[in-house]
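> Sharing a model that was predicted from the sequence below.
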Amino acid sequence: MCGIFGAINHSGKFSEIELKGFDDSLQGITHRGPDNQSTYQQFIAENNTDVFFGHRRLSILDLSESGNQPFIQDDIVLIFNGEIFNYVELKEQFFNGEKFQSDSDTEVIIKIYKKFGVEGFNHFNGMWAFALYDIKNNKVILSRDRFSIKPLYYTLQNDKLYFGSEIRELLPFVTKKPNLERVYQFLRQGVKDHDLNTFFEGIVKVPAKSYVVIDLNSKQYTTQKYWEFSEKSTVIANPVEEFRSLLEDAVKIRLRSDVEIGSLLSGGIDSSVITLLSNYSQPIKAFSVVSKVKEFSEEHFIDKVTATHKFNTVKYNFNEKDIINYIQEVLHHQEEPYGSSSVIAQYLIYKTIKDKAGLKVVMSGQGADEILLGYVRFFFFSIGYALKKKEFGYLCNLLFGSVFNGNFFYHFDLKMAKRALLNQQLSNQFDFLLLKEKEVKKWSDKYNLRKTQIDDVDLFSIPALAHYEDRNSMAHSIEVRHPFLDHRLVDFTVNLPLKQKVNKGWTKYILRQAMKELDAEIRWRKDKKGFVTPEEKWFKVELKESIFNEFNNSKLAEMGIIDAAKFKAQYNDFLNGKGLLKSADIFRVYITELWAKKHFS
């Protein structure tokens, strides 16, 4: 796990001033790679092109200097952020007996490319964002993992390309302008990272599961996918066993490290499963952050699963009051407006783990809700599907099973049910928005559960969650690994029959079936907390003065994005228990105001 920066000048050499700027960009992401910084530069006189690669290293595999980057072998130069978890298997399968100059996964990327070209990227099981300079064929290739786990941004300015792991690296080379469509969609709909655009005009992302080939001779840029979901129609004899086998292997290969690995343990089924399977392979510590406020605390479940499975769990106390003191610090690392105060809570969890334990790598249960339809909306989508398809047997399974198992009232949400079953949109009031941009069509065919699930993985859930977690963890030089986002497992679950995922009122049904040894209270847990914060209270008490101060001198209003007077009137209604704005809506406007002042004042 690292940070990268690179630049290509298609019309001459970079100046000394520009090279100093590149060093500043690398220094600006020291948190992503505090262990080493190295650079590479090559001017190609034949086509008047200059190539610069820079790298910040967080040493995890092969801690020696042999693993430093830019990694140069023969006529290939590579800078790489992430991990190729199946590098051991790739060595054995394709290069058995061949001599390697390092023990890193980085070198395997070069070997695979030399053997297969860009088609070889499909062999990788991992999370990555890399830039590869093929000297012999005079081209640079940018590539990103399948599910947007690792970031890679770029901008084209006056015949020069700049790319990097974080937006902050590119800002010195652009004229900063807000992307108004992105701002509108975030404020109005709460969506972000659902396409290639960012909140900054002209800075975009390399698409997931793709590569971009830059021909240095012709200056042509070509984008291609190297992977897509399969269309499997074969009947699996024992899907529960197959699921368990895939998950076990996904965990096993993500435990490869030359530094200590820990596991996040929240007390929910996802993190408990990952911690349990990790300990089957090797003993690792579990890290839990618990709240002193009972209504937000998961401590009972953490203690229960720890006692049952004899985990070596380290608990740290978490003070919710600290969260509002980190709003600006988290905004600095996130670089763009973020969706809720739970992002700040996650940031403080990683800060606590780094400060108290000094870890570089942790395992996470992120992704299970998306690949196993764990969100409440999928319960209602499944009911809608059964009604539309007239599958009344499955409809009875869902309704009666949910009542019988006692989880109906945990699922029930009248507003969500109306949206799922009646296609009724929530009538939030956003008349303070002056922008009228294109809205995002979200869950356009929600009763096609396979498509809706893929949309969550590709567009509406995983990209934003991965963005938050990457910035929050890497701010503290921590790499997070996600076994549930192993592409084999994701593809398998997407193609499972719906009944394997939502059954008898239970979401994530196949996971509960596959992990029969898991403590029963965790395995059949009905509620779902996540990173819960007292956000509504903050907006009515602690942050009230700050909000009025910010919007008495609003940058968003100055930019023509909102009517500040109307927003404050609606905020007053919220304070008095009236109106249609929710705390989540207010948070988005507030954090976007802070972002606008930070970048455009």
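That came through fine. Numbering: from 1, shown residues only.

> From now on I want contacts and neighbour counts done on CA atoms only, so please keep to that.
OK.

> got the phi/psi numbers for the most centrally placed residue in the chain?
When the chain is reduced to its mean C-alpha position, the nearest residue by CA atoms, centre = their mean turns out to be residue 466, at 0.5 Å. Per-residue torsions, residue 466: phi -70, psi -40 (degrees, to the nearest 10).

> Correct me if wrong: it contacts residue 145.
No: counting by CA atoms under 8 Å, residue 145 is not a contact partner of residue 466; they are 11.7 Å apart.

> follow-up on the earlier one: next up, the contacts around the residue nearest to the centre of the chain.
When contacts are counted by CA atoms under 8 Å, 6 or more residues apart in numbering, residue 466 is found next to 148-150.

> Then residue 81?
1-4, 128-130, 150, 165.

> Now, of the residues you listed, which are buried?
The neighbour-count test (16 or more other CA atoms under 10 Å) marks 1-4, 128-130, 150, 165 as buried among the contacts of residue 81.

> Tell me the spacing between the residue nearest to the centre of the chain and residue 581.
Using CA to CA, to the nearest Å, we find residue 466 at a distance of 27 Å from residue 581.

> ok, now residue 74?
60 Å.

> okay, these two: which has more neighbours?
With neighbours defined as other CA atoms under 10 Å, residue 74 and residue 581 compare such that residue 581 has more, 18 against 9.

> what does the model give the more buried one for pLDDT?
For residue 581, the model assigns a pLDDT of 91.

> do the one 5 residues further on as well
Model confidence at residue 586, given as pLDDT, is 95.

> Number the chain from 50, please
Happy to do that; since the first residue is 50 now, the last one works out to residue 635.

> With the flanking residues excluded, which residue is spatially nearest to it?
Using CA to CA, 6 or more residues apart in numbering and skipping residues adjacent in sequence, the residue nearest residue 635 is residue 620, 7.6 Å away.

> what comes up buried for stretch 638-649?
Residues 638-645 are the ones in stretch 638-649 that count as buried (16+ other CA under 10 Å).

> What of stretch 192-204?
Buried residues in stretch 192-204, counted by 16+ other CA under 10 Å: 192-204.

> Touching it from outside, list them.
When contacts are taken as CA under 8 Å, 6+ apart, the neighbours of stretch 192-204 outside the stretch itself are 130-131, 175-180, 210-216, 219, 223, 251-261, 276, 506-507, 511-512, 515-516, 519, 534, 536.

> end to end, how far does that stretch reach?
15 Å.

> Can you pull out the low-pLDDT segments for this structure?
Along the chain, the model assigns pLDDT under 70 to residues 282-283, 457-477, 577-582.

> could you redo the last one with a cut-off of 50?
Within the chain, the set of residues satisfying pLDDT under 50 comprises 475.

> what does the domain assignment say about this protein?
Taking automatic domain parsing as the domain assignment, the ranges for the chain are 51-274, 288-367+408-421+486-572, 584-649.

> surely residue 423 meets residue 417?
Yes: between residue 423 and residue 417 a contact is recorded at 7.0 Å, counting by CA under 8 Å.

> Give the intersection of the neighbour lists for the two.
With CA under 8 Å, 6+ apart, residue 423 and residue 417 have common neighbours residue 557.

> Where is the longest helix in the chain?
When secondary structure is assigned using DSSP state H, the longest helix within the chain turns out to be helix 632-649.

> what sits up against it?
By CA under 8 Å, 6+ apart, the surrounding residues in contact with helix 632-649 are 225-226, 232, 235-236, 239, 377, 380, 385-390, 584-585, 588, 596, 599, 603-605, 620.

> Could you rerun that using 7 Å?
Contacts of helix 632-649 from elsewhere in the structure, counted by CA atoms under 7 Å, 6 or more residues apart in numbering, are 236, 385-386, 388-389, 584-585, 588, 596, 603-605.

> again, but for stretch 378-386
By CA under 7 Å, 6+ apart, the list of residues contacting stretch 378-386 reads 216, 248, 393, 517, 520, 524, 640-641, 644.

> so how far is residue 293 from residue 516?
When distance is defined by CA to CA, residue 516 is 28 Å away from residue 293.

> Against residue 278, how distant is the closest residue to residue 412 other than its chain neighbours?
If the residues on either side of it in the chain are set aside, residue 412 comes closest to residue 312, at 4.5 Å by CA to CA, 6+ apart. Separation of residue 312 from residue 278 (CA to CA): 29 Å.

> Same check on residue 487?
When distance is defined by CA to CA, residue 487 is 28 Å away from residue 278.

> More neighbours: which of those two?
The neighbour count for residue 487 versus residue 278, taken as other CA under 10 Å, is higher for residue 278 (14 against 10).

> Next, the contact list for the more buried one, please.
Each residue near residue 278 by CA under 7 Å, 6+ apart is listed here: residue 540.

> Helix, strand or coil: sort out it for me.
Secondary structure for residue 278, judged by DSSP: H, G, I helix; E, B strand; the rest coil, is coil.

> how close does it sit to residue 590?
The gap separating residue 278 from residue 590 is 47 Å, by CA to CA.

> go on, residue 393?
With CA to CA as the criterion, residue 393 and residue 590 are 18 Å apart.

> one step back: distance to residue 437 added to the contacts of stretch 378-386, as TSV?
Listed next are the contacts of stretch 378-386 as TSV, based on distance: CA to CA, whole Å:
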residue	distance to residue 437
216	44
248	38
393	40
517	36
520	41
524	46
640	40
641	40
644	43
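
> Now the host helix or strand of residue 503: buried residues?
Following DSSP states H and E, one finds residue 503 within helix 498-504. Taking 16+ other CA under 10 Å as the neighbour-count basis, helix 498-504 is seen to contain the buried residues 498-499, 501-504.

> Name all residues that make contact with the nearest residue to residue 612 once chain neighbours are set aside.
In space, residue 612 comes closest to residue 481 once its chain neighbours are excluded; the distance is 5.0 Å by CA to CA, 6+ apart. The neighbours of residue 481, taking CA under 7 Å, 6+ apart as the test, are 611-612, 615-616.

> Using neighbour counts, trim those to the buried set.
When neighbours are counted using 16+ other CA under 10 Å, the contacts of residue 481 contain these buried positions: 611-612, 616.

> Quick check: residue 241 vs residue 610, distance?
Going from residue 241 to residue 610 by CA to CA gives 17 Å.

> So for the two, which residue has more residues nearby?
residue 241 (27 against 19).

> Checking that one next. Helix, strand or coil?
Per three-state DSSP, the secondary structure class of residue 241 is coil.

> Give the full set of residues in contact with it.
Under the criterion of CA under 7 Å, 6+ apart, the contact partners of residue 241 comprise 235, 513.

> Relative to residue 422, how far out is it?
Distance, residue 241 to residue 422, using CA to CA: 20 Å.

> now swap in residue 164 and tell me
When distance is defined by CA to CA, residue 164 is 38 Å away from residue 422.

> Need the contacts of residue 481 in a markdown table (columns: secondary structure and distance to residue 111).
As requested, these are exported to a markdown table (DSSP: H, G, I helix; E, B strand; the rest coil; distance: CA to CA, whole Å):
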| residue | secondary structure | distance to residue 111 |
| --- | --- | --- |
| 611 | strand | 52 |
| 612 | coil | 55 |
| 615 | helix | 57 |
| 616 | helix | 54 |
